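**Q** got a predicted model here, sequence first, then my questions.
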Amino acid sequence: MKKKFKLTDLDCANCAAKMEEAIKKIEGVADANVSFMTQKMTIDADENRFDEIMKEVVAVCRKVEPDCVINI
């Protein structure tokens with residue numbers, strides 16, 4: 001299942017790259033893309049565990065960029 005999310009307060013391209021790299025390591029994530037330019041994130045993950053995976057994604061993003069908000 002592939003979903004797009006709008007990001008708020010993502011401050012730098014380096015943080016976006018770190019977030020993308022960390023999200024790709026989460027079990028069940030097939031692909032991830034975090035774009036600083038468009039302030040959007042695309043997640044392709046296991047449909048059966050999507051909500052659980054998103055909780056992990058939010059935690060990872062907070063660790064890298066505490067001010068960033070994922071608009072779910």
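**A** Structure's in. What do you need? For clarity, every value in this text was computed on a predicted model and none was experimentally measured.

**Q** please list all residues in contact with residue 48.
**A** Residues counted as contacts of residue 48 (C-beta atoms under 8 Å, 6 or more residues apart in numbering): none. No exception for glycine: its C-beta is placed from N, CA and C like everyone else's.

**Q** from residue 41, how far off is it?
**A** Between residue 48 and residue 41 the distance, using C-beta to C-beta, to the nearest Å, works out to 20 Å.

**Q** likewise for residue 29?
**A** For residue 29, the distance to residue 41 - C-beta to C-beta - is 12 Å.

**Q** what of residue 22?
**A** If you go by C-beta to C-beta, the gap between residue 22 and residue 41 works out to 12 Å.

**Q** between those two, who's got more neighbours?
**A** Neighbour count, other C-beta atoms under 10 Å: between residue 22 and residue 41, residue 41 has more, with 24 against 19.

**Q** Three-state assignment for that one, please.
**A** Three-state call for residue 41 (DSSP: H, G, I helix; E, B strand; the rest coil): strand.

**Q** got it, and residue 26?
**A** coil.

**Q** helix, strand or coil for residue 30?
**A** Under three-state DSSP, residue 30 comes out as strand.

**Q** what about it, how many residues close to it?
**A** Around residue 30 there are 11 residues (other C-beta under 10 Å).

**Q** so who does it touch?
**A** 44-46.

**Q** element containing the nearest residue to residue 32 once chain neighbours are set aside?
**A** In this structure, residue 32 finds its nearest non-sequential neighbour in residue 23, 4.0 Å apart by C-beta to C-beta, 6 or more residues apart in numbering. Using DSSP states H and E, residue 23 falls within helix 13-24.

**Q** also residue 33?
**A** strand 29-35.

**Q** sorry, back to before: mind listing residues that contact the helix holding residue 23?
**A** Against helix 13-24 from outside (C-beta under 8 Å, 6+ apart): 10, 29, 31-37, 41, 43, 57, 60-61, 63-65, 68.
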